[in-house]
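Peer 1: Generate a structure from the sequence data that follows.
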Amino acid sequence: MSELPGPRAPLAVSVVIPVYNPGRDIDRCIDSLLRQSLTSDRYEAIFIDDGSTDETPARLDALAGQHPHIRVIHIANSGWPGKPRNIGIEQAVGAYVQFVDQDDHLGPEALERLYEMGVRNHSDIVIGKVTSDFRGVPHGLFRRDRDACTIHDAPLIDSLTPHKMFRREFLLDHGIRFPEGPYILEDQLFMVRSYFRTTAVSILASYPCYFYNVRTEGTNTASRRMDPPTYYRNLRDVVGVVLANTEPGEFRERLLRRSYRVEMLGRLGEPWYPRQEPAFRDVLFHAIRGLAADHMNDAVHEGLTPLMRLRSTFLRADRPDDLVVLANRAERMQAVTVLERIAWLRGRLTVGFTAACRDDLDASWLRLLRRGEQYFLDPAMTHGILDTPFEVTHDLKAFRIELSVRQLVGRVEWRVSEKHHVEFIDEGDGPDGTTWVRPVVHVTASIDPLHVAVDRPLSDGTWEVRVRVAILGIDRRVSLASVADSVPDVILPAWLGHPARVVRPILDPTDGLRLVIERGSLSELVTPGSLQVTPSGGRTLEVALQVASDPAEDRPVRAAFMVGGETRGIPARLVSSRDRLMVRLRFRNMLGPVRGRGTVVAFLDGPDGPATTIGTTRTGWDGRTFLDGGAHVGVVSSVRHYLVAATRALARRLPTRAKRVGRRLLGRRPAP
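Peer 2: The predicted structure is shown next:
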């Protein structure tokens, strides 16, 4: 190990980064550490170089020479991240320690926000929202900010990576360290030990803090060929921590079920398991089976989804070949969504769609068999590998739909609340007195661009709408690309927020529903001929723009009535109706308009913006004004002008009227 610097003043945060031959993939990490909103005198970045053989050591030393808050520690190659991280814990002087991998990067305000949340709540661990362009993310953990929670009342077990912020004294007091040397799953062992020791975990869900990035050179640090005996021997250690800190019962079973589902049964499913070599599959199967036989009891088994329960059944019965058959059949099942309706309502984009599963091989729908009150899985899934129908009666309420919006650049993802119900469509008689039924999930959701990001607006960019469909354990992520005939080809853009942003829904036949959010002017959204003018009584006009808006929208705008070379201001407001943005113009108390043709305009983007023509007008002899198309605006002149105009008109028309009356009277006299 290189010589360490002397004691340093206490800091808020120490960032620990194990490094080994990262190449240029470390650039994003370094850049994000240098751009933190937390001032450089309050945090340090400690790079522990694990014997790199590329240009990285010299590059990091030069970086430390330029930035006093960056330190570099060189050690002989250990080959694993455990030892570098432990050295970072020992050498850190920050109150909190944040672990970062060399391939990844932090959000600009990550350290400041995480530290403030930790101090405010006296937290031992602070978990920031993560995002990824290649690995799964536990979105259920990041539905809302949580000041304090524990493994007992929050799904912390779903997040077992160490890329979090830890109170350093908490780690030192409890002696929590990473296993060193060749140890797979060192992250999980470190995290489960931490979760069972802490009394306060905070979750920052409202700000993307940690970004997992796929490497452009080689493989990611954690990507090594799996050695099943070593892997599951280490997983036994993780399971052992759970067993040592829990009593038999539902809580223990829930924690064990996570390991059983993800690290064990997940390895025996589609598409990965059938593609492995037979010899490797055999070693893998028996390593998993040994651990399952020792610690995964009937209660853990029964709490699984149907497809996972089938895998568990074959695992327990020592039938690896049937697992291959099941995985191949399950891989053919794909989720199909059909967008049936979409519209803006009070500033929210409401969508309705259906979801079901279909076999890609023969385009047949996934069906169930119903006998009385019992439901059974489609025999096509279990034909030849199960002798009896597989019952799923108690799983009918476990259909799961998750809707989210994900930014194309950066991959930040936010969950969208939804409501759904399952319809079982009868499709005729089945064998032995049963009935075929096809499950279809009907989903309704409301996407609020101003609040979907944990009560914050979505940032500018393109966001794709993604759907996670989980039906009886078949778990797929798809887009809303299929569109019913009832859906319009063009969806209104929206003008939302302060400062306002343009939100354009786009239906792409390949990529599905997307939202493009950007700066823009309201006048640009108003196309010629798109305005709908309706009188609302008296001398008021309401002009509907082909633009949706936030219900809170209500502000004055400049409007004008131009006729005969004169320009008169019109009181006007921009208001939001149920599904449309409206311009409300009031023509009351306007004095002295000139007879003839005129124009009504509105300045939607402010007094200095371009003029949007509402319509052309004609003003009659009596001062009454009509918009082309017949809408009576009701503009009148001053009282004097009106009286003069009326008198002159009467004088002009009186002789004509007198003659007409005389003819009628004479026409009634009897003939002489």
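
Peer 1: gap between residue 299 and residue 346?
Peer 2: 46 Å (Cβ to Cβ, to the nearest Å). (Glycine included, C-beta is placed from N, CA and C.)

Peer 1: If you rank every helix and strand of the chain by mean pLDDT, what lands last?
Peer 2: Within the chain, no helix or strand scores below helix 639-668, which has a mean of 59 by mean pLDDT, DSSP states H and E.

Peer 1: neighbouring contacts of stretch 355-372?
Peer 2: Stretch 355-372 is contacted from outside by 332-337, 375-380, 389, 392, 401, 424, 427, 430-441, 443, 467, 469, 471-472, 474, 476, using Cβ atoms under 8 Å, 6 or more residues apart in numbering.

Peer 1: low-confidence ranges in the chain?
Peer 2: The chain contains residues with pLDDT under 70 at 1-9, 217-224, 535-538, 588-595, 621-624, 630-632, 634-672.

Peer 1: Point to the residue nearest the middle of it.
Peer 2: Centroid-nearest residue in the chain, with Cα atoms, centre = their mean: residue 414, separated by 2.3 Å.

Peer 1: still on that earlier bit, give me the buried entries from the contacts of stretch 355-372.
Peer 2: Buried by 16 or more other Cβ atoms under 10 Å: 332-333, 335-337, 375-379, 389, 392, 401, 424, 430, 434-441, 443, 467, 469, 471-472, 474, 476, out of the contacts of stretch 355-372.

Peer 1: hmm, back to that, quick check: which element contains the residue nearest to the centre of the chain?
Peer 2: Taking DSSP states H and E as the criterion, residue 414 maps to strand 413-416.

Peer 1: so who does the closest residue to residue 551 other than its chain neighbours touch?
Peer 2: The shortest distance from residue 551 to any non-neighbouring residue, by Cβ to Cβ, 6 or more residues apart in numbering, is to residue 346 (4.6 Å). Counting by Cβ under 8 Å, 6+ apart, residue 346 touches 550-551, 576, 578-579.

Peer 1: And those, which of them are buried?
Peer 2: 550, 576.

Peer 1: and the contacts of residue 346, which of them are in strands?
Peer 2: Within those, residues falling in strands by DSSP state E are residue 576.

Peer 1: mind putting the contacts of residue 346 in TSV, distance to residue 111 included?
Peer 2: What follows is the contacts of residue 346, written out as TSV (distance: Cβ to Cβ, whole Å):
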residue	distance to residue 111
550	33
551	37
576	39
578	44
579	43
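
Peer 1: Domain-wise, how is the protein divided?
Peer 2: Following automatic domain parsing, one gets these domains for the chain: 342-377+387-514, 523-633, 638-672.

Peer 1: Show me the one of the ones you listed that comes nearest residue 83.
Peer 2: Smallest distance to residue 83 across the domains of the chain (Cβ to Cβ): 30.9 Å, for domain 342-377+387-514.

Peer 1: distance between the ends of that closest one?
Peer 2: Domain 342-377+387-514 has an end-to-end distance of 12 Å (Cα to Cα, to the nearest Å).

Peer 1: At which residues are the strands of the stretch 351-500 of the chain located?
Peer 2: Along the stretch 351-500 of the chain, counting by DSSP state E, counting those that start in this stretch, strands occupy 368-371, 374-377, 400-407, 413-416, 418-429, 435-447, 461-471, 474-479, 482-483, 494-496.

Peer 1: In CSV, list the domains of the chain along with distance to residue 211.
Peer 2: Compiled in CSV, these are given as follows (distance: least, Cβ to Cβ, whole Å):
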stretch, distance to residue 211
domain 342-377+387-514, 7
domain 523-633, 30
domain 638-672, 67
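
Peer 1: Which one of those domains lies nearest to residue 119?
Peer 2: Of all the domains of the chain, domain 342-377+387-514 sits nearest to residue 119, with 20.7 Å by Cβ to Cβ.

Peer 1: chain center to that closest one: distance?
Peer 2: Put simply, domain 342-377+387-514 sits 13 Å off its chain's centre (Cα atoms, centre = their mean, to the nearest Å).

Peer 1: rewinding a little: of the strands of the stretch 351-500 of the chain, flag the one that's most buried.
Peer 2: The highest average neighbour count among these, using mean count of other Cβ atoms under 10 Å, belongs to strand 494-496 at a mean of 25.

Peer 1: so which of the strands of the stretch 351-500 of the chain gets nearest residue 50?
Peer 2: Of all the strands of the stretch 351-500 of the chain, it is strand 413-416 that lies closest to residue 50, at 31.8 Å by Cβ to Cβ.

Peer 1: tell me what the closest one is packed against?
Peer 2: Counting contacts by 3 or more Cβ pairs under 8 Å, 6 or more residues apart in numbering; DSSP states H and E, strand 413-416 is packed against strand 400-407, strand 435-447.

Peer 1: ok, 7 Å please
Peer 2: Judged by 3 or more Cβ pairs under 7 Å, 6 or more residues apart in numbering; DSSP states H and E, the packing partners of strand 413-416 are strand 400-407.

Peer 1: List of residues touching the strand it packs on?
Peer 2: Residues outside strand 400-407 that contact it (Cβ atoms under 7 Å, 6 or more residues apart in numbering) are 139, 355, 413-416, 418, 420, 441, 443, 445, 447, 452, 458, 461, 463-470, 515.

Peer 1: which residues does the residue nearest to residue 522 when sequence neighbours are not counted contact?
Peer 2: Counting by Cβ to Cβ, 6+ apart, residue 522 lies nearest to residue 604, which is 4.3 Å off, once chain neighbours are set aside. Contacts for residue 604 (Cβ under 7 Å, 6+ apart) come out as 522-523, 526, 557, 612.

Peer 1: can you rerun that using 6 Å?
Peer 2: 522-523, 612 (Cβ atoms under 6 Å, 6 or more residues apart in numbering).

Peer 1: Only the buried subset of these, as a PyMOL command please.
Peer 2: Buried residues among the contacts of residue 604 (16+ other Cβ under 10 Å), as a PyMOL selection:
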select buried, resi 522+523+612
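
Peer 1: would JSON lines of the contacts of residue 604 with distance to residue 61 and secondary structure be doable?
Peer 2: Below are the contacts of residue 604 laid out as JSON lines (distance: Cβ to Cβ, whole Å; DSSP: H, G, I helix; E, B strand; the rest coil):
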{"residue": "522", "distance to residue 61": "54", "secondary structure": "helix"}
{"residue": "523", "distance to residue 61": "56", "secondary structure": "helix"}
{"residue": "612", "distance to residue 61": "61", "secondary structure": "strand"}
